[in-house]
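Colleague: Take this sequence and fold it.
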Amino acid sequence: RWIAYEESSTDWERNAFVTQLLVVDTRTSAVAQLTRGKESVSDLEWSPDGRWITFLRDEDGKTQIHAMRPDGGEAQ
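Modeller: Next up, the predicted model:
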């Protein structure tokens, strides 16, 4: 039902690219941006049951793994 993908944009002030997590609902074609902020996400993976998207993101100089539902909410 969901397609997860990464989208990069330019942060001109920091002279860097920032990558965010987005999903498309294949039933409605609605696109939702699930992450925001100055730090990029990477290495998207679906959980085996398809209920979670996991990804990596730097926080306080350390790479952390996060899990998020494709329909939104807070990352864990």
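Colleague: how much space between the spatially most central residue of the chain and residue 41?
Modeller: Per C-alpha atoms, centre = their mean, the C-alpha nearest to the average position across the chain is that of residue 21, at 2.3 Å. In this view, residue 21 and residue 41 are 5 Å apart by C-beta to C-beta, to the nearest Å. C-beta here means a position set from N, CA and C on the backbone, and glycine is covered the same way.
Colleague: so where does residue 3 fall, helix or strand?
Modeller: Element membership for residue 3 (DSSP states H and E) is strand 2-11.
Colleague: Other residues contacting that strand?
Modeller: Here strand 2-11 makes contact (C-beta atoms under 8 Å, 6 or more residues apart in numbering) with 16-26, 33, 38, 40-42, 44, 46, 53, 70.
Colleague: let's see 6 Å
Modeller: The contact list for strand 2-11 (C-beta atoms under 6 Å, 6 or more residues apart in numbering) reads 17, 18, 19, 20, 22, 23, 24, 44, 53, 70.
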